[in-house]
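>>> Need coordinates for the below:
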Amino acid sequence: MAKSKWVSFFLCLFFGVFGAHKFYEGRILLGILYLCTAGLLGIGIFFDLIILFFKPNPYYP
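Modelled structure (predicted):
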């Protein structure tokens, strides 16, 4: 199923420390990693926001 990049982008922006965007994309293990490390100490969230902004919509993770 296609996911909306904007839903994932805003989940990352507001709930990235909880890994919400990773759970939305179906990447459960990465979501748990982000949940346990507060978004890879914020660095992972920063890179994910940039990557999500430039992905085509709809995209497949």
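>>> Can you classify the closest residue to W6 other than its chain neighbours by secondary structure?
Spatial nearest neighbour of W6, excluding adjacent residues (Cβ to Cβ, 6 or more residues apart in numbering): N57 at 6.8 Å. (Each C-beta comes from the backbone N, C-alpha and C, glycine too.) At N57 the chain is in coil, as set by DSSP: H, G, I helix; E, B strand; the rest coil.
>>> How about the contacts made by N57?
S4, K5, W6 (Cβ atoms under 8 Å, 6 or more residues apart in numbering).
>>> Contact partners for the residue most central in space within the chain?
Central residue check for the chain by Cα atoms, centre = their mean: the C-alpha nearest the mean position is that of H21, 3.3 Å away. The contact partners of H21, taken as Cβ under 8 Å, 6+ apart, are S8, F9, L11, C12, F15, D48, L52.
>>> quick one: it from L40, how far?
Here H21 is placed at a distance of 13 Å from L40 (Cβ to Cβ, to the nearest Å).
>>> Quick check: which ranges of the chain have low pLDDT?
1, 58-61 (pLDDT under 70).
>>> I figured L30 hits K22, correct?
Yes: between L30 and K22 a contact is recorded at 4.4 Å, counting by Cβ atoms under 8 Å.
>>> Compare these two (neighbour count), which wins?
In this view L30 and K22 are compared by other Cβ atoms under 10 Å, and K22 has more residues nearby, 25 against 18.
>>> what separates the nearest residue to I28 once chain neighbours are set aside from F53, distance-wise?
Distances taken as Cβ to Cβ, 6+ apart place K22 nearest to I28, at 7.6 Å, with adjacent residues excluded. Computed as Cβ to Cβ, the K22 to F53 distance reads 16 Å.
>>> go on, C36?
From C36 to F53 the distance is 25 Å (Cβ to Cβ).
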